[in-house]
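Chemist: Provided below for reference: sequence and predicted model.
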Amino acid sequence: ILIMGNRKISADLKDSGIQAGTSIRNALGVSRTSIYCWEAIFAEYGAVNCPPSPICGQQLRILTRALMTACEALFAEESDLYLDEVVTWLALTHDISISVSTL
């Protein structure tokens, strides 16, 4: 049984995989599932690779500046808070779900 892990596959290999039959697919070393995924991407975008994400290269913020200011004010009032208490406060007060490690 051949077990394949995730790996970066070039666009020309994906094109070959879509156009090839089973024997060629096996020779290329790609799974049937990969071929189905590539076909779906090709049908949607006209290419075997998805276009880059519009947010690629931008720094994403989970907490906005307003929430950061609110957290600073909270710590100014109660400086001995634990992070799990801040997570609970954000969930109850601002409806933000965030993990302690992300905070």
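Modeler: Great, that's in hand.

Chemist: quick check: buried residues in the host helix or strand of Ala40?
Modeler: Per DSSP states H and E: Ala40 is located in helix 32-45. Within helix 32-45, the residues scored as buried using 16 or more other C-beta atoms under 10 Å are Ser34, Ile35, Trp38, Ile41. Heads up, the C-betas are built off the backbone N, CA and C, glycines and all.

Chemist: what's the following helix or strand after it?
Modeler: Criterion used, DSSP H and E; the element after helix 32-45 is helix 65-77.

Chemist: so what touches the helix or strand following that following helix?
Modeler: With elements assigned by DSSP H and E, the helix or strand that comes after helix 65-77 is helix 83-94. Helix 83-94 has contacts (C-beta atoms under 8 Å, 6 or more residues apart in numbering) with Leu67, Ala70, Cys71, Leu74, Leu81, Ile96, Ser97, Ile98, Ser99, Val100, Leu103.

Chemist: quick one: helix 83-94 to helix 65-77, angle?
Modeler: Here the directions of helix 83-94 and helix 65-77 differ by 130 degrees (axes from the mean of the first three to the mean of the last three C-alpha atoms, to 10 degrees).

Chemist: follow-up on the earlier one: which ChimeraX command selects the buried ones in the contacts of helix 83-94?
Modeler: In ChimeraX, this line selects whichever of these come out buried by 16+ other C-beta under 10 Å:
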select :67,70,71,74,98
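
Chemist: pipe the contacts of helix 83-94 into a markdown table and attach pLDDT per row.
Modeler: Shown next, in a markdown table, are these (pLDDT from 0 to 100):
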| residue | pLDDT |
| --- | --- |
| Leu67 | 82 |
| Ala70 | 84 |
| Cys71 | 85 |
| Leu74 | 87 |
| Leu81 | 87 |
| Ile96 | 81 |
| Ser97 | 81 |
| Ile98 | 81 |
| Ser99 | 82 |
| Val100 | 84 |
| Leu103 | 75 |
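
Chemist: any idea which of the contacts of helix 83-94 is closest to Ser16?
Modeler: Each of the contacts of helix 83-94 was scored against Ser16 by C-beta to C-beta, and Ser99 proved nearest at 42.1 Å.

Chemist: right, I'll leave it there.
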